[in-house]
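*Asks:* my questions concern the predicted model and sequence given below.
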Amino acid sequence: MLHCPRTFARTIAFSGLFLATVLSPALAADPTGDWKVADGVATIRVAQCNGNMWGAVSWEKTPGGKDKNNPDPAKQSRPTLGMPILIDMKKKAGADAWEGQVYNAKDGQLYSSTIKPVGTDQLEIQGCVLGFLCGGETWTRVGPPIPMSTAGNPAVAGSSAAKGTVPKSTAPQKTTGAVAPATKPGQKQATNAPANANASADTVGDICLLPDIARPTH
């Protein structure tokens, strides 16, 4: 009986270690959230919409951009803010990666692409032209993972996500010419941080409700 408490304590410790080992990879493999692109000119919000991953511009260093290089004349005047960048990306079997298309606003073209989380604060983007000439870059996390969108789910109609908003804890504050600093793994964002004088309201919200993402895909 004298050894029972010590044995019980060891059991709890080993159980905690096992759970940490099992759960950590799952947390590290979450590609959702807000990511700063390599050259720092934009932030891409990634979320799961209709079972697949989508990414849209949630902040831009130079406001007021237009999709002027789009081959579709009807889209050349659409704002780049809220524009889909990662298109309908599906989970790759047996890997923490998602495959789909990436839209390059610089030339108005779509390319085959793969996204893969690296740890908790980096996202690798690989894009290929016709299966070769592959290149990529690494994005840096500036916002925490985003819960699954309830857009289009009648079971949760009327929720904050269904109304086109996201919880304050998952919507990083947009600023003009700067982005919120990335949080370290396990570190929570401060909720009482002083507001930036140039900060503006989040005009993107739940990207699953954006017209180019919410419409049926074929």
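*Replies:* Yep, that arrived. Numbers count the residues shown, from 1 in each chain.
*Asks:* please count neighbours and contacts with C-alpha atoms only from this point.
*Replies:* OK.
*Asks:* C-terminal to the helix or strand bottoming out on mean pLDDT in the chain, what's the next element?
*Replies:* Every helix and strand in the chain was compared by mean pLDDT, DSSP states H and E; the lowest is helix 4-28, with a mean of 44. Using DSSP states H and E, the helix or strand that follows helix 4-28 in sequence is strand 33-36.
*Asks:* identify the residues contacting that next one?
*Replies:* 42-47, 58, 123, 139-146, 170, 172, 179 (CA atoms under 8 Å, 6 or more residues apart in numbering).
*Asks:* give me the mean pLDDT for the helix or strand following that strand.
*Replies:* Sequence order places strand 42-49 as the next helix or strand after strand 33-36, per DSSP H and E. Averaged across strand 42-49, the pLDDT comes to 96.
*Asks:* could I get the CA-only coordinates of strand 42-49 as PDB?
*Replies:* Presented in PDB, the C-alpha positions along strand 42-49 are these (Å, rounded to 0.1, in the frame of the first residue of the first chain):
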ATOM      1  CA  ALA A  42       0.400  40.200 -47.700                       C
ATOM      2  CA  THR A  43      -1.200  37.900 -45.100                       C
ATOM      3  CA  ILE A  44      -3.100  34.800 -46.300                       C
ATOM      4  CA  ARG A  45      -5.900  33.400 -44.100                       C
ATOM      5  CA  VAL A  46      -6.200  29.700 -44.500                       C
ATOM      6  CA  ALA A  47      -9.400  27.800 -43.300                       C
ATOM      7  CA  GLN A  48     -11.200  24.600 -43.900                       C
ATOM      8  CA  CYS A  49     -14.200  25.300 -46.200                       C
END
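*Asks:* quick one: contacts of it?
*Replies:* For strand 42-49, the surrounding residues in contact (CA under 8 Å, 6+ apart) are 31-37, 53-61, 85-86, 146-149, 151, 179, 207-208, 213.
*Asks:* so which other helices or strands are in contact with whatever helix or strand comes next after that strand?
*Replies:* Next helix or strand after strand 42-49 toward the C-terminus (DSSP H and E): strand 52-60. Counting contacts by 3 or more CA pairs under 8 Å, 6 or more residues apart in numbering; DSSP states H and E, strand 52-60 is packed against strand 42-49, strand 84-91.
*Asks:* shaky segments in this protein?
*Replies:* Filtered on pLDDT under 70, the chain yields the residue ranges 1-28, 130-131, 149-201, 216-218.
*Asks:* what's across from Glu137 in the sheet?
*Replies:* Note on Glu137: beta-bridge partners by DSSP bridges are Ile125.
*Asks:* still on that earlier bit, out of the helices and strands packed on strand 52-60, which is closest to Cys128?
*Replies:* strand 84-91 (13.5 Å; CA to CA).
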